[in-house]
Structure formats: C-alpha cells, structure tokens
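Enquirer: What follows is a protein structure lacking sequence information:
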C-alpha cells in the first residue's frame with residue numbers, strides 16, 4: 001500500500017470524514033482529498049503532524065511497515081494485567097503467520113476505535129447478532 005491508501009484506512013478507522021480529518025491536520029479539505037487521490041503528497045510537516053495526532057508511525061504511512069506503531073511502545077508495565085498479557089502471548093504463539101498478521105490488524109482497529117471514542121464492545125463492533 002502507498003500513502004494515499006494508508007491515509008484513507010487511518011481516517012476511515014477513526015470514523016472521520018475527509019473534512020474532519022483535514023481540519024485536524026489544519027489543511028484545506030481539497031488538499032487532503034488530493035492526498036487520498038494520490039494527486040498530491042503530504043509535506044514532511046504534515047506527515048509528522050499525522051504521526052503525532054494519530055499515534056501512527058511514519059513507516060506505516062509510507063508503506064514501509066504494516067504495523068501502525070510497535071505495540072510495545074507506550075505500554076506502561078504497571079497498567080498491564082500480566083496474566084492476561086501472558087495468555088495473549090501464549091495464544092498468539094500457536095497461530096499461523098497469517099493469523100498473527102490478522103490479529104495485529106484487528107488490534108490496531110480496536111486501538112483506533114478506542115481513540116475515536118466508540119463505545120461498542122469488541123463483540124458488538126465486529127459481530128452482529130443473527131436474528132431468528
């Protein structure tokens with residue numbers, strides 16, 4: 001993926017319109033729209049603003065990594081339930097490489113959902129109940 005696609009994924013993951021995203025970046029909506037269309041590249045200043053505002057790595061935005069931000073960065077050890085973390089690590093170790101990649105993508109979506117202030121639980125967010 002290239003930057004235009006990563007920007008769109010980030011914006012959509014946060015549930016923001018192009019106008020809202022542009023306002024947060026302090027750029028015109030038309031300018032931001034050109035970023036997503038690939039008709040214009042964001043400046044280094046704008047890229048840095050995106051990384052700071054949305055806690056995402058420049059490597060991710062530039063397509064050099066599929067990880068928004070290394071998941072260990074910023075984790076406060078005293079706020080982690082170590083048993084739960086160990087359980088997640090043990091389960092993850094048993095997954096295929098594709099499943100590990102998928103799990104990381106889901107975790108990043110949950111992180112974006114939390115930042116956007118959505119209140120649905122993970123189950124409600126991903127799975128709609130079957131009626132009948």
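Expert: Nice, thanks for sending it over. Predicted model only: the values in this text are computed from it and were never measured.

Enquirer: Now do the buried residues in the longest helix anywhere in the chain.
Expert: Scanning the chain for the longest helix, with DSSP state H as the assignment, gives helix 97-115. Using 16 or more other C-beta atoms under 10 Å as the test for burial, helix 97-115 gives 108-109, 111-113. Where you see a C-beta, it was placed from the backbone N, CA and C, and this is true even at glycine.

Enquirer: what do you get for stretch 35-54?
Expert: Neighbour counts using 16+ other C-beta under 10 Å place 35-36, 42, 46-47, 49-51, 54 of stretch 35-54 among the buried residues.

Enquirer: Now do the end-to-end distance for that stretch.
Expert: Length of stretch 35-54, first residue to last, C-alpha to C-alpha, to the nearest Å: 17 Å.

Enquirer: where are the low-confidence patches of this structure?
Expert: 1, 70-85, 116-132 (pLDDT under 70).

Enquirer: coming back round to it: so how far is the longest helix of the chain from its chain's centroid?
Expert: 8 Å (C-alpha atoms, centre = their mean, to the nearest Å).

Enquirer: And for stretch 23-34?
Expert: Offset of stretch 23-34 from its chain centre (C-alpha atoms, centre = their mean): 19 Å.

Enquirer: ok, and what's touching that stretch?
Expert: 16, 18-19, 21-22, 40, 46, 49-50, 53 (C-beta atoms under 8 Å, 6 or more residues apart in numbering).
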